[in-house]
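[1] Kindly return the folded structure for what I paste below:
(one chain, ligands or ions: 2)
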Amino acid sequence: MNIFAVETSCDETSVALVSNGEVRSNVIASQTKLHAEYGGVVPELATREHLRNFLPIARQALREAGLAPSDLDAVAATQGPGLPGALLIGLKAGQALAFSLGKPFLGIHHHEGHLYSPWISGSPPGADFSQFQPSVSLIVSGGHTLLVHVKAEFQHQVLGSTVDDAAGECFDKIGKLLGLAYPAGPEMDRLAAQGNPRAWSFPRPMLHDPGDDFSFSGLKTSVRYFLEKQPDLPGDPARLRDLCASVQTAIVEVLVTKTIRAARRLAVGCVTVSGGVACNSLLRRRLSEECQEEGLNLRLAERIYSTDNAAMIGILAERKLLAQVPATSLDAEIEPNWAL
Ligand code: KG4
Ligand code: ZN
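    Ligands and ions are numbered 1, 2, ... in the order given. Below is the predicted model:
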């Protein structure tokens, strides 16, 4: 089975070709540089860029996979949640392709796709469900922070999410206060590696709340007040590194503690992680340490499948087709606020 998959929910245009659980190509055009000068994603610019990128990316993905449109058995695209204009480009392009080929079309939930990214690995990359078991999955990006109980394939329950900012948004907004370029997460990670994580203690919001929700805006506000008293700090490389390390430690401690606590409570044997913030080196290290101590199997998505990509959409679409989940109507519309 050959699946043509599209992802355009935010600022990455991606097309992947997936065949029998294998990722034959996964082309991603990131718009990060375009949005950097505005300090965040500008929805209208993202939409236009998807429109400009889609055909070249689609051709490249087909070429790299060695497939022609006539080889396709189904088309899938992210239906939501995401930026309305951005989603519209990928969904309608995918539906048009499916319509022209007379093949099934599947509208895929972006977060359900993220649940599959930790299961893509190997060379050539493919879906590895050999160790699949009930898990607690952390999806952590610039737009979302979600904790999900995956009970079985296609059976999941959202345990908690952020009540305000996402964890990646917290990195990006604090980075902006520090004068770092958008998105600031990777640069804060790099600076934090040489800083003292105990230089200052920032709030760990909702850490002791018994529920599974997160909150990060209080941490950002606390750093803003702190910087008002120390306006010269961003210009001092040593103190800047210490601040990044202290902030990163606060964010990671909340994410790790709540994820492990949920895994223990639900007695699952596995923790999975995906989303852009899953690239954070401290988060990866702390989760590995904690999971080892708790005897939990940990599956971290590879970096290329952590950030937004069409491969995860294609892998899930194929699983749905194999499980005979009915195809989505060609008339289906985007779902910008689709709950998981
Ligand atoms: O999944 P993604 O590419 O896009 C969405 O937000 O949907 O995630 C991007 C987010 C940004 O907030 C970025 O700062 C953050 O992931 N990020 C990181 C790291 N790499 C990316 N945050 C912390 N440490 C990193 N190494
Ligand atoms: Zn995402």
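
[2] quick one: Leu191 and Ala238 touch, right?
    No. Using Cβ atoms under 8 Å, Leu191 makes no contact with Ala238, being 10.4 Å away. Every C-beta, even on glycine, is put in place using the N, C-alpha and C of the backbone.

[3] Between these two, tell me which one has more neighbours.
    More neighbours surround Leu191 than the other of Leu191 and Ala238, with 21 against 12 (other Cβ atoms under 10 Å).

[4] In a helix, that one, correct?
    Yes. Assessed with DSSP: H, G, I helix; E, B strand; the rest coil, Leu191 lies in a helix.

[5] Leaving out sequence neighbours, find the closest residue to it.
    Distances taken as Cβ to Cβ, 6 or more residues apart in numbering place Cys244 nearest to Leu191, at 4.1 Å, with adjacent residues excluded.

[6] do Gln230 as well
    Per Cβ to Cβ, 6+ apart, closest to Gln230 is Arg239, 7.8 Å.

[7] again with Gly211
    When the adjacent residues along the chain are set aside, Gly211 lies closest to Gly160, with 6.0 Å between them (Cβ to Cβ, 6+ apart).

[8] what about that neighbour, distance to Lys229?
    With distances taken as Cβ to Cβ, to the nearest Å, Gly160 is found 33 Å from Lys229.

[9] which one of these two has more residues nearby?
    Using other Cβ under 10 Å, the more surrounded residue of Gly160 and Lys229 is Gly160, with 18 against 7.

[10] mind listing what the residue nearest to Leu191 touches?
    Cys244 is in contact with 178, 188, 191-192, 195, counting by Cβ atoms under 8 Å, 6 or more residues apart in numbering.

[11] Over to Leu316?
    Contact partners of Leu316, counting by Cβ under 8 Å, 6+ apart, are 76, 108, 112-113, 115-116.

[12] Which residue comes closest to it once chain neighbours are left out?
    Excluding the flanking residues, the one nearest Leu316 by Cβ to Cβ, 6+ apart is Tyr116, at 4.8 Å.

[13] cool, and Pro124?
    What sits nearest to Pro124 in space, not counting adjacent residues and going by Cβ to Cβ, 6+ apart, is Glu22, at 5.7 Å.

[14] Surely the residue nearest to Gln230 and Leu227 touch.
    No. Using Cβ under 8 Å, Arg239 is not in contact with Leu227; the gap is 10.7 Å.

[15] Quick check: neighbours shared by those two?
    Taking Cβ under 8 Å, 6+ apart as the contact rule, Arg239 and Leu227 both touch Leu233.

[16] Now do the residue in the stretch 1-150 of the chain that ligand 1 sits nearest to against Ser117, distance only.
    Of all residues in the stretch 1-150 of the chain, Gly142 sits closest to ligand 1, at 2.7 Å by Cβ to the nearest ligand atom. Per Cβ to Cβ, Gly142 is found 15 Å from Ser117.
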